[in-house]
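# coords please:
(chains A, B, C and D)
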Number of protein chains: 2
Amino acid sequence: MSGKTVLIVDDEPAIREMIAVALEMADYDCMEAADAREAHALIIDRQPDIILLDWMLPGSSGIELARRLKKEETTADIPIIMLTAKVEEDNKIRGLEVGADDYITKPFSPRELVARLKAVLRRATPPGIDNPIEVDGLILDPSSHRVTANNSSLNIGPTEYRLLQFFMTHQERVYTRSQLLDQVWGGNVYVEERTVDVHIRRLRKALGEQHDYLVQTVRGAGYRFSTQPA
Amino acid sequence: MSGKTVLIVDDEPAIREMIAVALEMADYDCMEAADAREAHALIIDRQPDIILLDWMLPGSSGIELARRLKKEETTADIPIIMLTAKVEEDNKIRGLEVGADDYITKPFSPRELVARLKAVLRRATPPGIDNPIEVDGLILDPSSHRVTANNSSLNIGPTEYRLLQFFMTHQERVYTRSQLLDQVWGGNVYVEERTVDVHIRRLRKALGEQHDYLVQTVRGAGYRFSTQPA
DNA sequence: TAACCTTGTCACATAGTTGTAACACTGGGG
DNA sequence: CCCCAGTGTTACAACTATGTGACAAGGTTA
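Residues are numbered from 1 along each chain as shown, chains lettered A, B, ... in the order given. Model prediction:
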């Protein structure tokens, strides 16, 4: 569900494995690296969403790597969580100074790890300042997650909401079922194309007679959201 | 001009005096306490607007007192600034974890003290925050820490109170469980997201049939506080 | 210390959502 | 006019998200 990818950097295979298992159970994708060089390559190549970085690393130390990543523009805003053994507590502060977003002291429980990782990711992704969109009296307000018409809010499911939001931000243009699946469902799901039809149907129903004309079928091509009647 | 009252808690009379003089020149009213017990009594009795709390206190330590204050609902939202000697730097983090709003390292200049105190007060006191908030006959009064409906006060726990207060000051907007944990529980606490559901449940129950409609579920998104029925 | 409250989790109950299949309808080409 | 690909519509079983009551741990009060 989260789909976030996590890079685990630690020279102990056992620890990497332990972490990977915990994270995969929480539905994260994991990559592993044993040293700074390998880590760096993976970061450039695969662009993880967050990095778990061991303080002690052979060769270039973890803190070196962190500093380097925070300097390079392309990697500067990937959050980093430092892993430190408790003997090294003093390093906490230095770690944070270098730009780490959090630190976790070994040993730690899987639950704590997941919780803090989640917290860091949350902070790193501030919610956009979405303004309401209005079309012909139909209002979609992202901040309250509400769709309103005639001063009363519509009962609309999550998928239909996303679909409508996509349409309202991409009006007057035809999208194939395939494109809609990519945009609204997310690129990596396997769903029948006909499923789109069903959700279109549900959306139209939710919009009611007054607004269902906005969702238009383009035979042989796909669907379009337009204020101009077909 | 400010009229704000400041409680200074430090076992060194000289330091208390120094601080008090500095603050009075900046037009704050000062109270002083030499230990945790005395401090606690004054806090209950005189309700200061902000507390300057020395880390090292005879008897119960400053951090103990801070933790206690943040737990009790009548004192939870009084801002606390921790005073720490620089040798104790590690404590910064622990201090903040306990819920302190800032820390200042001794020695500090009076000017710095006043500046940071002002900053904390500004953050902690959005305009008119201690005025009661009323929604559809439901009244939350921060000054008495009470929630009232139909002229009788509701039996509501500390967490539910904070949750309700957050909602009433942030109406008409969806918050994810994650965000609520950040805002209501505090950023550095690690609890299951489902715990939010349970407290939502408790809050609804406390509100009773007449008002529980205000707390709305937004499937797949989170919760929302709104006078407008879902 | 005992009675009591608060809190975070769990397990189970309930309710809302989703993707598919099956069938009905539609329009345009032959 | 018939046929058929393309689309509309409905039903439904699996799945997921949320509601709910119970409980143990920890803390507080009397």
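
# so residue A:155 makes contact with residue A:206?
Yes. Shown here, residue A:155 and residue A:206 form a contact pair, counting by C-beta atoms under 8 Å, at 6.6 Å. In this view, the C-beta of every residue, glycine as well, is placed from N, C-alpha and C.

# Who has more neighbours out of the two?
residue A:206 (18 against 9; other C-beta atoms under 10 Å in any protein chain shown).

# Near the nearest residue to that one once chain neighbours are set aside, how many other residues are there?
The shortest distance from residue A:206 to any non-neighbouring residue, by C-beta to C-beta, 6 or more residues apart in numbering or on different chains, is to residue A:156 (4.7 Å). By other C-beta under 10 Å, the residues close to residue A:156 number 21.

# do the same with residue A:197
With other C-beta under 10 Å as criterion, residue A:197 counts 13.

# got a list of what it touches?
residue A:177 (C-beta atoms under 8 Å, 6 or more residues apart in numbering or on different chains).

# Helix, strand, or coil at it?
helix (DSSP: H, G, I helix; E, B strand; the rest coil).

# go on, residue A:27?
What three-state DSSP gives for residue A:27 is coil.

# so how far is residue A:4 from it?
9 Å (C-beta to C-beta, to the nearest Å).

# DNA strand C versus residue A:120, what's the distance?
Residue A:120 sits 18 Å away from DNA strand C, going by C-beta to the nearest atom of the strand, to the nearest Å.

# From the contact counts, what lies against the helix or strand containing that residue?
Per DSSP states H and E, residue A:120 falls inside helix A:110-124. Helices and strands touching helix A:110-124, as assessed by 3 or more C-beta pairs under 8 Å, 6 or more residues apart in numbering or on different chains; DSSP states H and E, comprise helix A:13-25, strand A:50-54, strand A:80-85, strand A:102-106, helix B:177-180.

# and if we set it to 6 Å?
Counting contacts by 3 or more C-beta pairs under 6 Å, 6 or more residues apart in numbering or on different chains; DSSP states H and E, helix A:110-124 is packed against no other helix or strand.

# Sheet partners, orientation included, of the next helix or strand after it?
As assigned by DSSP H and E, the chain's next helix or strand after helix A:110-124 is strand A:133-135. Sheet pairing of strand A:133-135 (DSSP bridges) gives strand A:138-141 (antiparallel).

# residues in contact with the strand it pairs with?
Identification of contacts with strand A:138-141 by C-beta atoms under 6 Å, 6 or more residues apart in numbering or on different chains yields A:132, A:133, A:147, A:148, A:149, A:165, A:168, A:211.

# what's around the closest residue to residue A:217 other than its chain neighbours, how many residues?
Once flanking residues are discounted, residue A:217 sits nearest to residue A:223: 6.1 Å by C-beta to C-beta, 6+ apart. Close neighbours of residue A:223, defined as other C-beta under 10 Å, add up to 22.

# Also residue A:157?
Residue A:157 has 14 neighbouring residues, counting by other C-beta under 10 Å.

# out of residue A:27 and residue A:4, which sits in the busier spot?
residue A:4 (17 against 11).

# Let me know how buried the residue nearest to residue A:211 when sequence neighbours are not counted is, in neighbour terms.
In this structure, residue A:211 finds its nearest non-sequential neighbour in residue A:138, 5.1 Å apart by C-beta to C-beta, 6+ apart. Burial measure for residue A:138: 20 neighbouring residues, criterion other C-beta under 10 Å.

# For chain A, what lies in contact range of DNA strand D?
Proximity of chain A to DNA strand D (C-beta under 7 Å from any atom of the strand) is limited to residues A:1, A:194, A:197-198, A:200-201, A:204, A:217-222.

# Could you provide those residues in a markdown table, with additional columns for secondary structure and pLDDT?
Compiled in a markdown table, the residues of chain A next to DNA strand D are given as follows (DSSP: H, G, I helix; E, B strand; the rest coil; pLDDT from 0 to 100):
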| residue | secondary structure | pLDDT |
| --- | --- | --- |
| A:1 | coil | 47 |
| A:194 | helix | 96 |
| A:197 | helix | 97 |
| A:198 | helix | 97 |
| A:200 | helix | 98 |
| A:201 | helix | 97 |
| A:204 | helix | 97 |
| A:217 | strand | 95 |
| A:218 | strand | 94 |
| A:219 | coil | 93 |
| A:220 | coil | 92 |
| A:221 | coil | 91 |
| A:222 | strand | 94 |
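
# In this structure residue A:49 contacts residue A:23, no?
No. Using C-beta atoms under 6 Å, residue A:49 is not in contact with residue A:23; the gap is 11.5 Å.

# Look up how far residue A:201 lies from whatever residue of chain A ends up closest to DNA strand D.
Here the residue of chain A nearest DNA strand D is residue A:217; by C-beta to the nearest atom of the strand that distance is 3.6 Å. According to C-beta to C-beta, residue A:217 stands 11 Å off from residue A:201.

# With residue A:23 instead?
From residue A:23 over to residue A:201 the distance is 38 Å, taken as C-beta to C-beta.

# Looking at these two, which has the bigger crowd around it?
Neighbours were counted for residue A:23 and for residue A:201 using other C-beta under 10 Å; residue A:23 has more, 22 against 13.

# ok, that one touching residue A:30?
Yes. Here residue A:23 lies in contact with residue A:30, judged by C-beta under 6 Å, at a distance of 5.4 Å.

# what do those two both touch?
residue A:6.

# out of the contacts of strand A:138-141, which is most surrounded?
residue A:147 (24 neighbours).

# correct me, but it touches residue A:156?
Yes. Here residue A:147 reaches residue A:156: they are 5.3 Å apart, a contact under C-beta under 6 Å.

# Write out the residues of chain A neighbouring DNA strand C.
Chain A comes close to DNA strand C at residues A:155, A:157-160, A:185, A:189-192, A:194-195, A:198-199, as judged by C-beta under 7 Å from any atom of the strand.

# Please check those and keep the buried ones.
Buried subset of these (neighbour count, 16 or more other C-beta atoms under 10 Å in any protein chain shown): A:159, A:160, A:185, A:199.

# sorry, back to before: in the residues of chain A next to DNA strand C, which has the lowest confidence score?
Among these, residue A:189 carries the lowest pLDDT, at 82.

# Could you find the closest non-adjacent residue to that residue?
residue A:181 (7.2 Å).

# Around the one you found, count how many other residues there are.
Residue A:181, neighbours per other C-beta under 10 Å, totals 19.

# Can you give me the distance of it to chain B?
Using C-beta to the nearest C-beta, to the nearest Å, residue A:181 is found at 18 Å from chain B.

# Equivalent analysis for residue A:68, please.
Separation of residue A:68 from chain B (C-beta to the nearest C-beta) stands at 25 Å.

# Dihedrals phi and psi, the closest residue to that residue other than its chain neighbours?
What sits nearest to residue A:68 in space, not counting adjacent residues and going by C-beta to C-beta, 6+ apart, is residue A:40, at 7.6 Å. Per-residue torsions, residue A:40: phi -60, psi -40 (degrees, to the nearest 10).
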